[in-house]
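A.B. asks: Make a model of this:
(2 chains)
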Amino acid sequence: MKDGVIGFPDPLLEIWGVLGDASLQPASVSFREALLSPMRVPLVWGILLSGLGCWLLIPRRNGRGRQFGSLVCCLGFVMFALQLRGWTGLSTHLLFWCLAAITLAAAVCTITSHNPVYCAIWFALALLGTASLYLLQGSQFLGVATVVVYAGAIVVTFLFVVMLAQPDGKAPYDRISWGIFPSAIAALAGAFLLGALVFSFSKLSAENHKTIHEALVSALDCPLKSVKLLHDPETNRHTLIIKVESAEERDRLRVVVAQDGFREALASQQFPFLEQGDFDVELIHEDVRNHNHVAHLGAYLFTRHLIAIEVAGTLLMVALVGAVAIVIQGKTSTEPVGGSS
Amino acid sequence: MILVLIKIVILLAGLMTAAAYFVLLERRIAAWVQDRQGPNRVGIPMTKIRLLGLGQPLADGLKFIFKEEYTPAHVDRRLFILAPITILTAALGVFAVIPFGSMLPPISSLSEKPIPLIVAPGIDVGMIFVFALSSISVYGVILGGWASNSKYSFLGGLRSSAQMIAYELPLGLGILGVVLATGSLRLEEIIEVQVTSGWFALTQPLGFLVFVVAGFAEAARLPFDLPEAEQELIGGYHTEYSGIKLLLFLVAEFLHMITASFLIVILFFGGWHLPFGLTGPDEPIGWGFAVFRILVFFFKISAVILFFMLVRWSWPRFRFDQLMSLAWKVMLPLGIVHLVFVATMAELHHYYGAQWVARMGGWATWAIAGCAWIFALGALGLAAACSPIISDNRPHTET
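C.D. replies: Numbering: from 1, shown residues only, chains lettered A, B, ... in the order given. Prediction:
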């Protein structure tokens, strides 16, 4: 750190950087530099712009500046996407980016709609987007269960309550009761949360990481879906997690990786841990059409997490019994007019 | 890629045409039951050829499209348009994981492998996917009722969505029995298992009953057509709709019925296989077997749809409180009891299955089916003895 300059990402790195390897983190940038060169650190601008945009979009007494707010919010999200550049290409992951954009937009609309019914609908759309992102990642059960549980049951219940309680839909008083300051803090907190996520993922796209990907592609001589590097601080071992395109590719590469030539090819690159040859390689092929997906999931849940499942089930049962008890308490016995027959 | 698109086009065109012609079939059957003629006039235009009224769906469709599409001034316009689109999308989306036939032999220009006749083959959670999308269609009903901004529509929408949510539980319980017995959520595999284990309609009669009743309710068919109830409400949640939007609602309703028939055949009647092991999954993949299987499959589905239509004119409609009592006090306990029974049987099979089959030989399936029937009749008898549906309908005073 240079003297007299506030090293901007350094404190953030200390908080968020526990997850990753120090060699992968971008070099320290001064605070002024970070603010003034958004192409270098788009994350900062992303947080500021999306926070400001959300704040402008949140319903207030005078509804001015909403178009401007949506524009600013979009700009902020584009900044986040720029921060993630190199992580996934736009052309190869077009479906992912479309779904992500829809989900984010729906999520913003959920908290900024005037009408509670519209809020619920946008929430349902955000959940559907999340479910399709899960499906895209190959976790079928999670995706479908999200739709069944959240979109199919919980949001429908919300809709029922909202429609029965406020048939007119609009409820200005409970939407504007927050002052300007608390809403600004809330919007900024949301933006920071998103920024934290983006930051922790963008480390995967740091320059070093790109080089590792290129080095691996040249060493293995085949296209790779993605490369992830994990570092276990306790054992000081690195693990390369490589995702490949198909199952045959995975089996072929297993043999290649086991040979000595592979490690020698990588050792010529300038990575300290690679030079020592002190790392594990894990090859993964995620088939979206995995035939034993649910069976594996069930076995995992009911062996490794059996107690957690049982406790959660019991908790739900207790809640159900409690609900029935509350309903019975307020009920008085009724009798037909004119006596029973 | 092209193959998937071709499959989607065939499926969508087939479903839409089927929905149109099932409307005609339904009207002809209604007429037959009520001793009328029914729509038999529309044939080839400008000639006098009637063709048994087969032109009627085309004429109806044209009428719907060219009718004035009136949107009342007081509605919430965006949700008013969204509702029919949601319900139709959900109804059509379900068919992504429902097979409409077995394998086709490879066609040289399209694919080198055999072609499975399903849009998304090999999705492992097919059954839950169907369930998820059918729960999305509740949105169409609620939004349609609410966005119309009319009391009749709103009440119709609330009634209908309450019904759909209530009957989703027994529907799921009926499915769970089958899933527990097969150990898979894939529809293709469920069909295959039934070749050896016997049709689940035979071995799980209680689950079959619960599923069929819940399927009727989900499809909002008589005796569960409370959402529409022509004589009581003006038209339920789609009172304010007209023209092509109303058509979307009606098509979606018919598609629900077709989905229910597909599921009943796949889950409980062995899909495209004949009973008693006459046909099995070991047959070679060829055009002859492929066409034969499709014919068997669609024959069964047509039979179930015919059953749906005959039931419509055989049973009076439930009152709303009876409908809810049936769901929560009869169907749900029956479904749970059935699930416990199937779980017990599965566990027994796991431990003693091999010895049992060795001793009983070919009779094992029949013995299991017999146990299941005795159990089902006992549970039904118990439900009838408790008679939770019979309620005192006179006005009540608080005591």
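A.B. asks: residue contacts, residue B:55?
C.D. replies: B:42-45 (CB atoms under 8 Å, 6 or more residues apart in numbering or on different chains). Just so you know, the C-beta spots here come from the backbone N, C-alpha and C atoms, and that holds for glycine as well.
A.B. asks: measure the most centrally placed residue in chain B to chain A for me?
C.D. replies: With distances taken as CA atoms, centre = their mean, residue B:260 lies nearest the centre of chain B, 0.9 Å away. Distance of residue B:260 to chain A, computed by CB to the nearest CB, to the nearest Å: 17 Å.
A.B. asks: and the residue lying closest to that residue once chain neighbours are set aside, what does it touch?
C.D. replies: The shortest distance from residue B:260 to any non-neighbouring residue, by CB to CB, 6 or more residues apart in numbering or on different chains, is to residue B:215 (3.9 Å). By CB under 8 Å, 6+ apart, the contact list for residue B:215 reads B:171, B:260, B:263-264.
A.B. asks: now these in CSV, with pLDDT and secondary structure?
C.D. replies: Converted to CSV, the contacts of residue B:215 look like this (pLDDT from 0 to 100; DSSP: H, G, I helix; E, B strand; the rest coil):
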residue, pLDDT, secondary structure
B:171, 92, helix
B:260, 93, helix
B:263, 93, helix
B:264, 94, helix
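A.B. asks: Can you verify residue B:184 is assigned to a strand?
C.D. replies: No. Secondary structure of residue B:184, determined by DSSP: H, G, I helix; E, B strand; the rest coil: coil, with no strand assignment.
A.B. asks: Can you give the domain ranges for chain A?
C.D. replies: As assigned by automatic domain parsing, chain A contains the domains A:1-92+A:103-114+A:170-203, A:115-166, A:207-284.
A.B. asks: What helices and strands are in contact with the helix or strand containing residue B:364?
C.D. replies: Using DSSP states H and E, residue B:364 sits in helix B:364-386. If contacts are counted by 3 or more CB pairs under 8 Å, 6 or more residues apart in numbering or on different chains; DSSP states H and E, helix B:364-386 sits against helix B:200-203, helix B:205-218, helix B:332-360.
A.B. asks: List the buried residues in stretch A:295-312.
C.D. replies: Neighbour counts over stretch A:295-312 (16 or more other CB atoms under 10 Å in any protein chain shown) mark residue A:297 as buried.
A.B. asks: ends of it, how far apart?
C.D. replies: Terminal residues of stretch A:295-312 lie 21 Å apart, using CA to CA, to the nearest Å.
A.B. asks: Show me the shaky parts of the stretch 251-399 of chain B.
C.D. replies: Counting by pLDDT under 70, the low-confidence segments of the stretch 251-399 of chain B come to B:277, B:391-393, B:395-399.
A.B. asks: residue contacts, the residue of chain B found nearest chain A?
C.D. replies: Chain A sits closest to residue B:135 of chain B, with a gap of 3.0 Å, by CB to the nearest CB. Contact partners of residue B:135, counting by CB under 8 Å, 6+ apart, are A:147-148, A:151-153, A:156, B:168.
A.B. asks: Any of the residues you listed buried? List them.
C.D. replies: Buried among these by 16+ other CB under 10 Å: A:147-148, A:151-152, A:156, B:168.
A.B. asks: between those residues, which is nearest residue A:310?
C.D. replies: residue A:148 (21.2 Å; CB to CB).
A.B. asks: quick one: what helix or strand has residue A:43 in it?
C.D. replies: Counting by DSSP H and E, residue A:43 is part of helix A:42-57.
A.B. asks: For residue 164, grab the count of nearby residues.
C.D. replies: You didn't pick a chain, so chain A it is. Other residues lying near residue A:164 total 10 when counted by other CB atoms under 10 Å in any protein chain shown.
A.B. asks: that's the other chain; I wanted chain B
C.D. replies: Around residue B:164 there are 24 residues (other CB under 10 Å).
A.B. asks: For it, which non-adjacent residue is spatially closest?
C.D. replies: Spatially, and ignoring its direct neighbours in sequence, residue B:164 is nearest to residue B:138 (5.1 Å; CB to CB, 6+ apart).
A.B. asks: show me where the chain has strands.
C.D. replies: All of this is about chain A. Under the criterion DSSP state E, chain A carries strands at the ranges A:226-232, A:237-243, A:279-284, A:334-336.
A.B. asks: Switch to chain B, please.
C.D. replies: With DSSP E as the criterion, chain B has strands spanning B:103-104, B:115-116, B:396-398.
A.B. asks: mind listing what residue A:156 touches?
C.D. replies: Taking CB under 8 Å, 6+ apart, one finds B:135, B:138-139, B:142, B:161, B:165 in contact with residue A:156.
A.B. asks: So which of these belong to helices?
C.D. replies: B:135, B:138-139, B:142, B:161, B:165 (DSSP state H).
A.B. asks: Name only those of these that count as buried.
C.D. replies: B:135, B:138-139, B:142, B:161, B:165.
A.B. asks: Using a markdown table, please lay out those residues together with pLDDT.
C.D. replies: Below are those laid out as a markdown table (pLDDT from 0 to 100):
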| residue | pLDDT |
| --- | --- |
| B:135 | 88 |
| B:138 | 89 |
| B:139 | 91 |
| B:142 | 89 |
| B:161 | 85 |
| B:165 | 86 |
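A.B. asks: Closest one of the residues you listed to residue A:299?
C.D. replies: For these, the nearest to residue A:299 is residue B:135 (26.5 Å; CB to CB).
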